Every structure is written in structure tokens, then in C-alpha cells.
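Student: Give me a model of this one.
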Amino acid sequence: MATTADKYTRFDAADYLDGIDDAAAYLQIALEESTDDPTAVPRALGVIARSRNMSELARRVGMSRDGLYKALSAEGNPTWST
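Tutor: Now for the predicted structure:
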């Protein structure tokens, strides 16, 4: 049983994507789920980006780090140009 002294951390799938194969499998699952949840793919892309180097990715695509985080968040609304 949990006590008030217990500390919990928020689960982040990005912590468990160790390579390109993990990222590809994660994205494949998101694509399969996207018929029921249109936010599945953008959220998965955000998780994959966080598992890599978000700052480097933002630089490579010509966006700010914060802009990329926002575009790939659950609240974001990325377009194909993003």
C-alpha cells in the first residue's frame, strides 16, 4: 500500500524507446490506432522525438524546440508541413 512518503514519477514511453526499431514499432501501433483516435500519430511522433534529441530535431526541421513540442503534443494540431 502506498504511503504519503512514497514518490511516483510520471510514465513516459519515450524513456523506453531505445532505438529505431522500437520507434518504428511504436509508430506502427499508433498508425493502427489512428482510425479510432486521430491524435494517436501526432502523440506518437512527439514521444519518438522526445526519445531522441528534441533540440537537434527542431534545428534540423527549422523549428523552435518549443514550437516542435507544441506541434507534437496532444493539444497540438500539426500539419504535413510541420
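Student: Output the below-cut-off pLDDT ranges for this structure.
Tutor: 1-4, 74, 77-82 (pLDDT under 70).
Student: can you rerun that using 80?
Tutor: For the chain, the stretches flagged by pLDDT under 80 are 1-6, 73-82.
Student: three-state assignment of residue 24?
Tutor: Per DSSP: H, G, I helix; E, B strand; the rest coil, the secondary structure class of residue 24 is helix.
Student: what number of residues lie near it?
Tutor: By the criterion of other Cβ atoms under 10 Å, residue 24 has 12 neighbours. C-betas here are computed from N, CA, C, even on glycine.
Student: Same question for residue 26.
Tutor: 19.
Student: How about residue 33?
Tutor: The burial count for residue 33: 15, using other Cβ under 10 Å.
Student: Can you give me every residue that contacts it?
Tutor: By Cβ atoms under 8 Å, 6 or more residues apart in numbering, the contact set of residue 33 is residue 40.
Student: any idea how far it lies from residue 64?
Tutor: Distance from residue 33 to residue 64, counting by Cβ to Cβ, to the nearest Å: 29 Å.
Student: What helix or strand is the residue minimising distance to the centre of the chain located in?
Tutor: Taking Cα atoms, centre = their mean, the centroid of the chain lies closest to residue 47, which sits 1.7 Å from it. Residue 47 is part of helix 40-51 when elements are defined by DSSP states H and E.
Student: likewise residue 29?
Tutor: Here residue 29, judged by DSSP H and E, is contained in helix 20-33.
Student: Hey, what's the angle from that helix to helix 40-51? Just curious.
Tutor: Put simply, helix 20-33 runs at 160 degrees to helix 40-51, going by axes from the mean of the first three to the mean of the last three Cα atoms, to 10 degrees.
Student: Return the set of buried residues in helix 20-33.
Tutor: 23, 26, 27, 30 (16 or more other Cβ atoms under 10 Å).
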